[in-house]
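Undergrad: Turn this into a model:
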Amino acid sequence: MSSFKIFDIAASGMSAQSVRLNTTASNLANAESVGGDPNKVYKARHPVFEAVRAGLAGGKDAGGAAVRVRNIAEDSAPAIARYEPGNPLADTNGYVYAPNVNAVEEMVDMISASRSYQNNVEVMNTVKEMMLATLRLGQ
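TA: Model prediction:
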């Protein structure tokens with residue numbers, strides 16, 4: 001495998017973690033929103049990653065691998081019912097429905113995504129330094 005493919009692999013990981021950070025931020029931003037219908041309230045979203053390996057050509061590696069986001073799945077947990085009869089969004093029984101977002105889990109996911117992104121940046125920097133050191137050998 002070419003050393004340049006490492007940049008592609010790390011970049012795909014950075015892109016996937018960026019999507020993960022964005023969905024986590026969206027979940028946190030909507031954590032306190034409420035609605036009068038449990039089916040229309042915001043549902044937590046989570047990206048589903050997939051490892052992609054380039055096809056094999058004649059038994060030889062045709063080049064690289066990557067990570068991609070297969071889809072963004074909605075959490076199937078039910079909305080949280082809160083009894084707030086004075087709320088203008090309350091249904092006829094006095095309930096409003098909050099999203100199924102757990103702020104603690106989302107913060108842990110955000111830290112994990114941030115560290116994974118940072119690790120991919122470090123991979124790129126290390127490979128760059130190794131390539132520069134290799135070029136300096138000929139001087």
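Undergrad: Against Val41, how distant is the residue most central in space within the chain?
TA: When the chain is reduced to its mean C-alpha position, the nearest residue by CA atoms, centre = their mean turns out to be Arg20, at 1.3 Å. Applying CB to CB, to the nearest Å, the value for Arg20 to Val41 is 23 Å. Heads up, the C-betas are built off the backbone N, CA and C, glycines and all.
Undergrad: Please identify the nearest residue in space to the residue nearest to the centre of the chain, excluding sequence neighbours.
TA: Nearest non-adjacent residue to Arg20, counting by CB to CB, 6 or more residues apart in numbering: Ala113, 4.2 Å away.
Undergrad: looking at it, the one you found is touching Gln17, isn't it?
TA: Yes - assessed by CB atoms under 8 Å, Ala113 is found in contact with Gln17 at 4.9 Å.
Undergrad: the more surrounded of these two?
TA: Gln17 (24 against 21; other CB atoms under 10 Å).
Undergrad: Report pLDDT for the closest residue to Asp8 other than its chain neighbours.
TA: Spatially, and ignoring its direct neighbours in sequence, Asp8 is nearest to Gly64 (5.7 Å; CB to CB, 6+ apart). Note for Gly64: predicted pLDDT of 70.
Undergrad: residues in contact with Gly64?
TA: Counting by CB atoms under 8 Å, 6 or more residues apart in numbering, Gly64 touches 1, 5, 8-9, 54.
Undergrad: taking the residues you listed one by one, which sit in helices?
TA: 5, 8-9 (DSSP state H).
Undergrad: Phi and psi next, for Arg82.
TA: phi -120, psi 130 (degrees, to the nearest 10).
Undergrad: which residues sit in contact with it?
TA: Shown in contact with Arg82 (CB under 8 Å, 6+ apart): 34, 95-98.
Undergrad: give me that answer again for 10 Å
TA: 34, 90, 94-98 (CB atoms under 10 Å, 6 or more residues apart in numbering).
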